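> Need coordinates for the below:
(2 chains)
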Amino acid sequence: DAGVIQSPRHEVTEMGQEVTLRCKPISGHNSLFWYRQTMMRGLELLIYFNNNVPIDDSGMPEDRFSAKMPNASFSTLKIQPSEPRDSAVYFCASSDRERGQGNQPQHFGDGTRLSIL
Amino acid sequence: EDQVTQSPEALRLQEGESSSLNCSYTVSGLRGLFWYRQDPGKGPEFLFTLYSAGEEKEKERLKATLTKKESFLHITAPKPEDSATYLCAVRANFNKFYFGSGTKLNVKP
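Residues are numbered from 1 along each chain as shown, chains lettered A, B, ... in the order given. Reported below is the predicted structural model:
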């Protein structure tokens, strides 16, 4: 079974450039999450979509960050302009619709390692 | 303030030496507690979901338990392949999700 697919796996770019990270969730999952992981702050939730609609974007650090989910099988996280402090590993995760007791686990991709020079 | 704290930060065990990892939480309304395993260069891999105090889940050498304030991940007779970072995550009210900082486990043969 295909898991969550993220691209690119690695991205190195210069400060000020636009960066776009891509995610394909597991087919049939209706929730999608974007996280950022650093040594200092661990895993932080940036934004959460349910049925393609942003539910909570309170974790998005600044207006330079934006995320979209145009359909159930694709999402992007964009940083414009990028800064060195944005360097981190960015993970996308998806989960199935809640049923019964609810709270389906999140399934993660292998992340995009972003380095801003 | 909602918070998830894991301890210890790092743990070194000899193969076969059982131990426990702790995840304590302070959140407004626990909707579920999750344990994940993360290997270097990979995303977290789901292990267990716990919903209510007293609940236990088991998988091979791992057993997760839950109380009203904390969860434990017990590792029985670990093997070197159990070496990884173990993450605890909590879902709270209002669709809030919090991850702990993890416990890095190293099992020596």
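> only C-alpha atoms for contact and neighbour calcs from this point on.
Noted.
> I'd assumed A:Leu77 was in contact with A:Glu18.
No. Applying CA atoms under 8 Å, one finds A:Glu18 not in contact with A:Leu77, separated by 10.7 Å.
> Would you mind telling me which of those two has the busier surroundings?
Between A:Glu18 and A:Leu77, counted using other CA atoms under 10 Å in any protein chain shown, A:Leu77 has the larger neighbour count: 19 against 14.
> pull the CA atoms of the helix or strand where that one lies into PDB?
Element membership for A:Leu77 (DSSP states H and E) is strand A:74-79. Provided in PDB are the C-alpha atoms of strand A:74-79 (Å, rounded to 0.1, in the frame of the first residue of the first chain):
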ATOM      1  CA  PHE A  74      -2.700  16.800  -3.000                       C
ATOM      2  CA  SER A  75      -1.400  19.500  -0.700                       C
ATOM      3  CA  THR A  76       1.300  22.100  -0.800                       C
ATOM      4  CA  LEU A  77       3.200  24.100   1.800                       C
ATOM      5  CA  LYS A  78       4.800  27.300   0.500                       C
ATOM      6  CA  ILE A  79       7.300  29.600   2.000                       C
END
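> Mind checking the pLDDT average for it?
Taken as a whole, strand A:74-79 has an average pLDDT of 98.
> what do you get for stretch B:53-71?
Stretch B:53-71 comes out with an average pLDDT of 95.
> quick revisit: and the helix or strand just after the strand holding A:Leu77, what does it pack against?
Using DSSP H and E, the helix or strand that directly follows strand A:74-79 along the chain is strand A:88-95. On a contact count with 3 or more CA pairs under 8 Å, 6 or more residues apart in numbering or on different chains; DSSP states H and E, strand A:88-95 meets strand A:31-38, strand A:107-108, strand A:112-116.
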